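Participant: sequence first, then the predicted structure:
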Amino acid sequence: MTDRNTVPCDGCAACCRRERIILRPEDDKELYVVIPTRKGNDGQIEFMLPHKPNGDCYYLSYVGGGRSKCSIWDHAPAACREFDCRKWWASFDPTQQEALLFDHLDADVVLAAMARSGRP
């Protein structure tokens, strides 16, 4: 598991927008507002964090000055606690990385990962 203190988010909340956060068995779904979703077309029911109409996570709060923060940071689901955009970005080969730059769902996270990885 990634130590959240080692990921230099510095107020970045790119991964808190439009991403599907699926709760894992170790997450206590009673702690969160959740919506049911299916895994695949006919798969089992899973629970995910909902999004606001603008695509932001339900738990992302605007704090002013163009900055946002997670309102459940101290007890966020495992997927949130373990996510490191730098490792996610590095897991793709260069062709996939280029494609992700043009994917409107992932572009913000890609740019954040590139900045935090020291890659231009």
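Facilitator: It's in. Numbering: from 1, shown residues only.

Participant: show me how the protein divides into domains.
Facilitator: Listed domain ranges for the chain are 1-83, 84-120 (source: automatic domain parsing).

Participant: break down this protein into its helices, ranges please.
Facilitator: Per DSSP state H, the chain carries helices over the ranges 78-82, 85-90, 94-101, 107-117.

Participant: in the second one, what counts as buried?
Facilitator: Neighbour-count burial for helix 85-90 flags 85-86, 88-89 (criterion: 16 or more other Cβ atoms under 10 Å). (Each C-beta comes from the backbone N, C-alpha and C, glycine too.)

Participant: check the last one too.
Facilitator: Judged by neighbour count (16+ other Cβ under 10 Å), helix 107-117 contains these buried residues: 108-116.

Participant: D10: which of those is nearest?
Facilitator: R116 (8.4 Å; Cβ to Cβ).

Participant: is it correct that that closest one is in contact with C15?
Facilitator: No - R116 is not in contact with C15 according to Cβ atoms under 8 Å; the separation is 11.2 Å.

Participant: check contacts around C15.
Facilitator: Taking Cβ atoms under 8 Å, 6 or more residues apart in numbering, we find C15 in contact with 80, 83, 85, 109, 112.

Participant: possible to save the residues you listed as a markdown table with distance to I35 and pLDDT?
Facilitator: Supplementary listing: the contacts of C15 in a markdown table, determined by distance: Cβ to Cβ, whole Å; pLDDT from 0 to 100:
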| residue | distance to I35 | pLDDT |
| --- | --- | --- |
| C80 | 16 | 90 |
| F83 | 20 | 87 |
| C85 | 24 | 84 |
| V109 | 21 | 79 |
| A112 | 25 | 81 |
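
Participant: which residue is nearest the middle of the protein?
Facilitator: Per Cα atoms, centre = their mean, the C-alpha nearest to the average position across the chain is that of C15, at 3.3 Å.

Participant: re earlier: would CSV of the helices of the chain with distance to P36 be doable?
Facilitator: Below are the helices of the chain laid out as CSV (distance: least, Cβ to Cβ, whole Å):
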stretch, distance to P36
helix 78-82, 16
helix 85-90, 26
helix 94-101, 28
helix 107-117, 25
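
Participant: for I22, name its beta-bridge partners.
Facilitator: For I22, the beta-bridge partners are M48 (DSSP bridges).
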